[in-house]
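[1] Prediction below, plus the sequence it came from.
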Amino acid sequence: MKKLKLIIFFAIILFLIFRDHSKARQTKTTESELIIHKLRLPVPPSKDNKSKYYSLDDEVAIILTQAVRELRLYDIIVGIYFDSTLKKQDSTITDEMIVNFKELERFTEAIVIVATDIFQQGVPRDEDEAYFPLETPNLVEKSKRSKDEYSENIQTQLSVIAQIVNTTTGESLGTLELEVIHAGGSFKKSKAKTMKLLKKKALTEFKSIYWFSADVITTKTGKTGLPIGMSSGIRKGMIFQLIEPDRMWTIDDEEYFVPGSSAAIATVVDTSTDSSGLRILRQWRDHYPGSWAVEHPFPIWALQLNFIPPATDSYINLGVYFHGKPLQNFDVGMGMQIIQVTDSYGDNDYGFGLGGFGIWRFFNTSKIDLGGKYGIDLDIPFKKDDAGQIVHAILFSAPSS
């Protein structure tokens with residue numbers, strides 16, 4: 001009987017130990033998982049840039065917010081992962097900065113920044129800034145070089161990890177990872193350029209998530225196309241931007257990282273149920289296998305500065321014009337100009353004018369286009385007469401080129 005009691009006693013002890021160990025494992029696993037219920041809104045920097053809680057996370061969040069607003073994604077909010085332990089450590093984080101997802105009624109999704117990391121080092125000037133070595137140099141050697149010959153050629157590497165969360169259900173919709181590198185300039189200038197590259201890359205990534213996007217394919221006839229068609233909402237005339245992917249190149253037995261970027265602008269020329277054909281409107285670099293295309297739904301506009309060199313000293317015209325669809329075979333534009341006219345008394349009279357034009361391109365390829373430009377200008381010069389009154393005239397002209 002005593003042996004039985006002793007066995008039961010040891011069995012109970014083993015059960016309690018196992019249960020406590022199981023609870024400890026469960027608690028540890030739960031705490032290690034990223035469960036997002038709240039986010040912290042980004043804090044703009046103070047004028048003296050000494051805001052205690054303005055961090056790299058805030059700087060990145062503000063840049064991603066600008067990208068989201070530029071794409072008119074008004075139902076998406078950008079925030080920073082809220083860590084309750086951080087709030088306890090930093091008394092400057094107030095309750096007004098913390099937002100519960102239930103309070104985000106007009107937002108359907110949230111981009112929550114989980115981690116950011118930045119690394120800067122001096123690199124030789126003779127390296128091409130488009131290529132970035134994968135191996136990090138010895139930190140001691142780097143610190144010595146950064147203070148002398150490499151101090152004005154700083155390479156900055158920025159990494160960002162964010163979660164895309166459904167604000168209604170709290171469900172994670174995926175992970176967003178961004179990495180940008182820039183080499184050149186001082187520490188401050190290199191970081192500023194890297195932040196601009198981050199916004200550029202964020203714009204591309206958000207387009208691929210929230211707009212039409214697909215891998216670029218080669219059709220049976222050897223032309224560029226997309227594996228989506230009318231069944232996906234693609235229609236003739238839509239504009240797409242071709243993006244080349246990040247690549248790894250080996251130069252002199254060393255691996256280098258080559259960031260991807262925009263390669264061309266194309267339009268849909270034909271479409272079927274499941275595929276579409278593209279015509280390259282303008283191309284500034286080759287697109288490689290693995291390249292992809294994102295929709296460009298906004299109208300494409302061009303800014304034109306126009307200067308008419310005078311045949312004589314009697315007329316000078318400097319104009320600024322906007323014109324739409326500048327990549328198509330035909331486009332129109334309008335704008336205004338500042339003029340100088342020399343009258344019969346030899347006085348220089350100044351004025352302004354309005355103008356419009358149309359451009360017809362009879363030869364239009366991705367590299368070069370030829371065509372004619374036809375327009376009409378209305379110029380209004382002003383001057384004072386002998387009685388001191390301001391008078392004006394109206395001049396019509398029809399320039400072509």
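    Thanks, I have the structure now.
[2] Tell me, what's the model's pLDDT at Leu226?
    As predicted, Leu226 sits at a pLDDT of 88.
[3] Please verify my assumption that it contacts Ile217.
    Yes. Counting by C-beta atoms under 8 Å, Leu226 does reach Ile217; the two are 6.7 Å apart. In short, each C-beta sits where N, CA and C put it, glycine included.
[4] neighbour-wise, which of those two wins?
    Using other C-beta atoms under 10 Å as the criterion, Leu226 and Ile217 rank with Leu226 on top: 26 against 17.
[5] so who does the more buried one touch?
    For Leu226, the contact set (C-beta atoms under 8 Å, 6 or more residues apart in numbering) comprises 214-217, 234, 240, 268, 275-276, 278, 293.
[6] do the same with Leu370
    Contacts of Leu370 (C-beta under 8 Å, 6+ apart): 361-364.
[7] Please state the offset of stretch 370-378 from the chain centre?
    Computed by C-alpha atoms, centre = their mean, to the nearest Å, the chain-centroid distance of stretch 370-378 equals 34 Å.
[8] Keeping just the C-alphas, turn it into CSV.
    Extracted C-alpha coordinates of stretch 370-378, given in CSV (Å, rounded to 0.1, in the frame of the first residue of the first chain):
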residue,chain,number,x,y,z
LEU,A,370,9.2,62.1,-86.2
GLY,A,371,6.3,64.3,-86.9
GLY,A,372,4.8,67.7,-87.3
LYS,A,373,3.7,70.3,-84.7
TYR,A,374,1.0,72.8,-85.6
GLY,A,375,-0.4,75.5,-83.3
ILE,A,376,-2.0,78.9,-82.9
ASP,A,377,-0.8,81.7,-80.6
LEU,A,378,-2.5,84.8,-79.3
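[9] tell me the mean pLDDT for that stretch?
    89.
[10] the strands in the stretch 201-350 of the chain, which residues?
    213-215, 217-218, 224-226, 239-243, 247-251, 254-258, 262-271, 276-283, 292-295, 301-308, 315-324, 330-342, 348-364 (DSSP state E, counting those that start in this stretch).
[11] Turn those strands into TSV, columns for distance to Gly174.
    Converted to TSV, the strands of the stretch 201-350 of the chain look like this (distance: least, C-beta to C-beta, whole Å):
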stretch	distance to Gly174
strand 213-215	14
strand 217-218	24
strand 224-226	22
strand 239-243	19
strand 247-251	23
strand 254-258	23
strand 262-271	23
strand 276-283	26
strand 292-295	17
strand 301-308	33
strand 315-324	36
strand 330-342	39
strand 348-364	40
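[12] Buried residues, stretch 159-171. List them.
    Going by neighbour count (16 or more other C-beta atoms under 10 Å), the buried part of stretch 159-171 is 160-165, 167.
[13] rewinding a little: switch the contacts of Leu370 over to TSV; also include pLDDT.
    Below are the contacts of Leu370 laid out as TSV (pLDDT from 0 to 100):
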residue	pLDDT
Arg361	89
Phe362	89
Phe363	88
Asn364	86
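[14] between those, which is nearest Asp379?
    Arg361 (27.3 Å; C-beta to C-beta).
[15] For the closest one, give me its contacts.
    328-330, 369-371.
[16] for those, which one is nearest Arg282?
    Closest to Arg282, out of all of the contacts of Arg361 and judged by C-beta to C-beta, is Asp369, at 9.1 Å.
[17] Excluding chain neighbours, what is closest to that closest one?
    Spatially, and ignoring its direct neighbours in sequence, Asp369 is nearest to Arg361 (4.6 Å; C-beta to C-beta, 6 or more residues apart in numbering).
[18] do the same with Asn306
    Gly319 (4.2 Å).
[19] So, low pLDDT: which residues of the stretch 251-400 of the chain?
    Counting by pLDDT under 70, the stretch 251-400 of the chain shows low-confidence ranges at 310-313.
[20] now the strands for the stretch 51-200 of the chain?
    Using DSSP E, counting those that start in this stretch, strands in the stretch 51-200 of the chain cover 76-81, 98-100, 109-122, 132-133, 154-166, 172-183.
[21] what's the first one packed up against?
    Looking back up the chat, that one is strand 76-81. strand 38-40, helix 56-70, strand 109-122 (3 or more C-beta pairs under 8 Å, 6 or more residues apart in numbering; DSSP states H and E).
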